[in-house]
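Student: the following block contains a protein sequence and its predicted model.
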Amino acid sequence: MKDPLLLSYTFEELMYEFQSMREHEKAALEKTEQEADKIEEAKVDEAQAWADKMEAEEENDPAKEANNIEWMKKQIALDKAAFGEDFGDDIGVDFNSPSKTEEEDD
């Protein structure tokens, strides 16, 4: 039942071959895990970069840009000239709160 080829090996040689195979398997598994970790880190870095980009875009508020503020002031001046000096005074800053006239009606 014994393999005749193995009979030519000493016990030490067989143990060395066995241990060598186990070490190679461990190394291959560790390499695979390291590659998986690198892929996962790359995904996390990509997601963080995207989140940073989105935050940067949110910080660039178009309502705070000088040319937009100038345009808004011109539009308000045109509307006040067309509809009266009190045009737009009853609108809240957050646009979600009821206007002054609605509060007074209640």
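Tutor: Arrived safely, thanks for sending. The model shown is predicted, which means the values in this text are computed figures rather than measured ones. Numbering: from 1, shown residues only.
Student: what helix or strand does residue 71 sit in?
Tutor: helix 66-83 (DSSP states H and E).
Student: other residues contacting stretch 42-60?
Tutor: Taking contacts as C-beta atoms under 8 Å, 6 or more residues apart in numbering, no residue outside stretch 42-60 touches it. For the C-beta atoms, the positions are set from N, CA and C on the backbone; glycine is no exception.
Student: buried ones in that stretch?
Tutor: Of the residues in stretch 42-60, none has enough neighbours to count as buried (16 or more other C-beta atoms under 10 Å).
Student: mind giving me the packing neighbours of the helix holding residue 71?
Tutor: On a contact count with 3 or more C-beta pairs under 8 Å, 6 or more residues apart in numbering; DSSP states H and E, helix 66-83 meets no helix or strand.
Student: any idea how far that helix is from the middle of the chain?
Tutor: 37 Å (C-alpha atoms, centre = their mean, to the nearest Å).
Student: ditto for stretch 65-78
Tutor: 34 Å.
Student: now do that stretch, average pLDDT.
Tutor: Per-residue pLDDT values over stretch 65-78 give a mean of 87.
Student: can I get the CA coordinates of that stretch in PDB?
Tutor: Extracted C-alpha coordinates of stretch 65-78, given in PDB (Å, rounded to 0.1, in the frame of the first residue of the first chain):
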ATOM      1  CA  GLU A  65     -20.800  84.500  -4.800                       C
ATOM      2  CA  ALA A  66     -20.400  88.200  -5.500                       C
ATOM      3  CA  ASN A  67     -21.700  88.100  -9.000                       C
ATOM      4  CA  ASN A  68     -24.900  86.200  -7.900                       C
ATOM      5  CA  ILE A  69     -25.400  88.600  -5.000                       C
ATOM      6  CA  GLU A  70     -25.200  91.500  -7.400                       C
ATOM      7  CA  TRP A  71     -27.700  89.900  -9.700                       C
ATOM      8  CA  MET A  72     -30.100  89.200  -6.900                       C
ATOM      9  CA  LYS A  73     -29.900  92.800  -5.700                       C
ATOM     10  CA  LYS A  74     -30.700  94.100  -9.200                       C
ATOM     11  CA  GLN A  75     -33.600  91.700  -9.500                       C
ATOM     12  CA  ILE A  76     -35.000  92.900  -6.100                       C
ATOM     13  CA  ALA A  77     -34.600  96.500  -7.100                       C
ATOM     14  CA  LEU A  78     -36.500  95.800 -10.400                       C
END
